[in-house]
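Trainee: Okay, here's the prediction I keep looking at, along with the sequence it came from:
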Amino acid sequence: VEVGHLRAARRHVKLDAGDLGACGSLGLVLHELGRGPEADVMYGRACEGGDVMACRNRGLLLIGAARYEDAVAPFRHGCEQSDAGSCRGLGGALLQLNRNDEALAAFRSACDAEDIPSCTGVGIAAERSGQNDVAVEAYRKACEGAEPTACSALLALLRNLGRTEEAEPMLRQACDTGDRAICEELGNYYIAAGRRDEAIVALKSACDAARATACTALALAYREAGDETSANGALQNACDAGDLNACTALGTSLQGRGLGAEALEPYRRACDAGDLSGCYGLGAGLIQLGRGAEAEQPLRRSCEAGQPQGCWGLGSVLQSQGKKEDAVVAFRKSCDGGVNAGCYGLGTLLAELSRGTEAAAPLGRACEGDTTLCFNAGMSLEGVGQLDAAATAYRKACDAGIVAACTRLGAALRTLGRNDEALAAFDSACTAND
């Protein structure tokens, strides 16, 4: 009985400051050990006894467990004791609960106490509540306090309000003081405003800090200015910073400038890291350099991952190696994926294999999608006795201005006994001095 009375008495004894600190510290250790429920109890005891930091930590623990409603009370308790961090946490919990007006008040308490991240919270809550002018001023204060997310939010809000130019001075100031993320925002703002030279300066600052997306944007700006060398340098920086799309784009640019051998390295980096467009680029580049045997592996990887263009390249390699049936399979995948060259490759190969009936459909599809393929498609079809299909292809080529196709069309129609149509085709060719 005495023990029971003693325990009851201890429950009513007010904890002194040392006890509170111990409970809060114990909660922190338990929290770090992943023993959340036990940490919650310790934080709660310390918070009820007046340990403001324990209130804040309890709120953070509950936020981490997505218990936003439960987090409100400890955060509010700390906020009422003028703890800016607790006010910020309270605002965050209330935002999660869509209690935006209450969140705004909590964030504002902390922002007024110069807790700059809370000013961003004021902006978010105010924007959600439709108080755009309040949001602009809060974001502005946070941006001036070097909160990069606030600068981005301010720019987006001002853009939506048609007041983009108001953001420029703050973005420029933040960039000048070394915030490279803001330099990228500023560069993108200049791009949208058509101020390319200023965009290049800002984006270069961000790119020099290894911001891959800034390097990619910088490359586009250089390209628009006609400076391909600098554009490729920016793409190289983006590639080095881990942007696989930039590696592929660099390969494509170098290949387009006739630097096929140099293009292989960025293509290979992209392909090795899993960028399938890079695999196709690598394969196509190797084919261009006459290294078809090496091209098979990256093209097969591209094709097997569902890239129709890669299947076309693979089909071409396999056909050159004499693996014609395997090439048919690859070309068919390419054609089914909508690549006109794949349909043409499939059709001509089937014609070569004397499978003329099967060849008609893919050759017709190739011609339908790309009239520059129609003349050769017609010749392949004619070669396997598919005169009707050949005439259809020749007609498309003739209508596209290929005079030789008009002559072939006339001959095919005459063989088919359609002399009136043949007359018109020959007349077209004759008039064009064929």
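Mentor: Looks like it came in fine.

Trainee: contacting residues for the closest residue to Asp83 other than its chain neighbours?
Mentor: Leaving aside its sequence neighbours, Asp83 sits nearest to Val52 (C-beta to C-beta, 6 or more residues apart in numbering; 4.7 Å). To be clear about C-beta, it is placed using only N, CA and C from the backbone, and glycine gets the same treatment. Residues near Val52 by C-beta atoms under 8 Å, 6 or more residues apart in numbering: 77-78, 81, 83, 86.

Trainee: Who wins on neighbours among these?
Mentor: Ser86 (29 neighbours; other C-beta atoms under 10 Å).

Trainee: What pLDDT is listed against that residue?
Mentor: pLDDT recorded at Ser86 is 95.

Trainee: for the one 5 residues further on, same thing?
Mentor: Gly91 is assigned 96 on the pLDDT scale.

Trainee: low pLDDT regions in the stretch 251-400 of the chain?
Mentor: In the predicted model of the stretch 251-400 of the chain, no residue satisfies pLDDT under 70.

Trainee: now for the protein, which residue lies nearest the mean position of the chain?
Mentor: Centroid check for the chain by C-alpha atoms, centre = their mean gives Asn245 as the closest residue, at 9.1 Å.

Trainee: OK, contacts around it?
Mentor: Here Asn245 is in contact with 216, 270, 275, 277 (C-beta under 8 Å, 6+ apart).

Trainee: Quick check on those: which are buried?
Mentor: Among the contacts of Asn245, those buried by neighbour count (16 or more other C-beta atoms under 10 Å) are 216, 270, 275, 277.

Trainee: what's the distance between whatever helix or strand the last one lives in and the middle of its chain?
Mentor: For Ser277, the element it lies in under DSSP states H and E is helix 276-288. Shown here is helix 276-288, whose average C-alpha point lies 21 Å from the average C-alpha point of the whole chain (C-alpha atoms, centre = their mean, to the nearest Å).

Trainee: And stretch 189-200, by the same measure?
Mentor: With C-alpha atoms, centre = their mean as the basis, stretch 189-200 stands 22 Å off its chain's centre.

Trainee: cool, stretch 299-318 as well?
Mentor: Worked out by C-alpha atoms, centre = their mean, stretch 299-318 lies 23 Å from the chain centre.

Trainee: Next: stretch 290-300.
Mentor: The answer for stretch 290-300 is 28 Å, by C-alpha atoms, centre = their mean.

Trainee: do the same with stretch 132-141
Mentor: The answer for stretch 132-141 is 29 Å, by C-alpha atoms, centre = their mean.

Trainee: cool, stretch 334-348 as well?
Mentor: 29 Å.

Trainee: try stretch 129-138
Mentor: 30 Å.

Trainee: do the same with stretch 277-296
Mentor: So, by C-alpha atoms, centre = their mean, the centroid of stretch 277-296 is 25 Å from its chain's centroid.

Trainee: go on, stretch 250-269?
Mentor: 22 Å.

Trainee: And stretch 75-88, by the same measure?
Mentor: Counting by C-alpha atoms, centre = their mean, stretch 75-88 is centred 39 Å from the centre of its parent chain.

Trainee: and what of stretch 235-244?
Mentor: 14 Å.

Trainee: Pull the number of nearby residues for the residue lying closest to Ala225 once chain neighbours are set aside.
Mentor: Nearest non-adjacent residue to Ala225, counting by C-beta to C-beta, 6+ apart: Arg196, 6.2 Å away. By the criterion of other C-beta under 10 Å, Arg196 has 16 neighbours.

Trainee: Now distance to Gly130 too, for the buried ones among the contacts of Asn245, in a markdown table please.
Mentor: What follows is those, written out as a markdown table (distance: C-beta to C-beta, whole Å):
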| residue | distance to Gly130 |
| --- | --- |
| Thr216 | 35 |
| Ala270 | 45 |
| Asp275 | 43 |
| Ser277 | 43 |
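
Trainee: how far away is Ala397 from Arg408?
Mentor: Remark: distance between Ala397 and Arg408 (C-beta to C-beta, to the nearest Å) = 8 Å.

Trainee: any common contacting residues for those two?
Mentor: Common contact partners of Ala397 and Arg408 (C-beta under 8 Å, 6+ apart): 375, 378.

Trainee: Let me know how buried Gln319 is, in neighbour terms.
Mentor: Counted with other C-beta under 10 Å, Gln319 comes out at 20.

Trainee: hang on, isn't Tyr222 packed against Ser230?
Mentor: Yes - using C-beta atoms under 8 Å, Tyr222 is in contact with Ser230, at 4.3 Å.

Trainee: ok, those two, which is more surrounded?
Mentor: Tyr222 (22 against 17).

Trainee: And the pLDDT at that one?
Mentor: At Tyr222, the pLDDT recorded in the model is 94.

Trainee: before we move on, what about Arg163?
Mentor: So, for Arg163, pLDDT stands at 87.

Trainee: Burial check on it, number of neighbours?
Mentor: 12.

Trainee: What about the closest residue to it other than its chain neighbours, how many residues nearby?
Mentor: Closest residue in space to Arg163, ignoring its immediate chain neighbours: Val136 at 8.0 Å, by C-beta to C-beta, 6+ apart. Counted with other C-beta under 10 Å, the neighbours of Val136 add up to 21.

Trainee: check contacts around Gly91.
Mentor: By C-beta under 8 Å, 6+ apart, Gly91 lies in contact with 103-104, 106-107, 110, 118, 121-122, 125.
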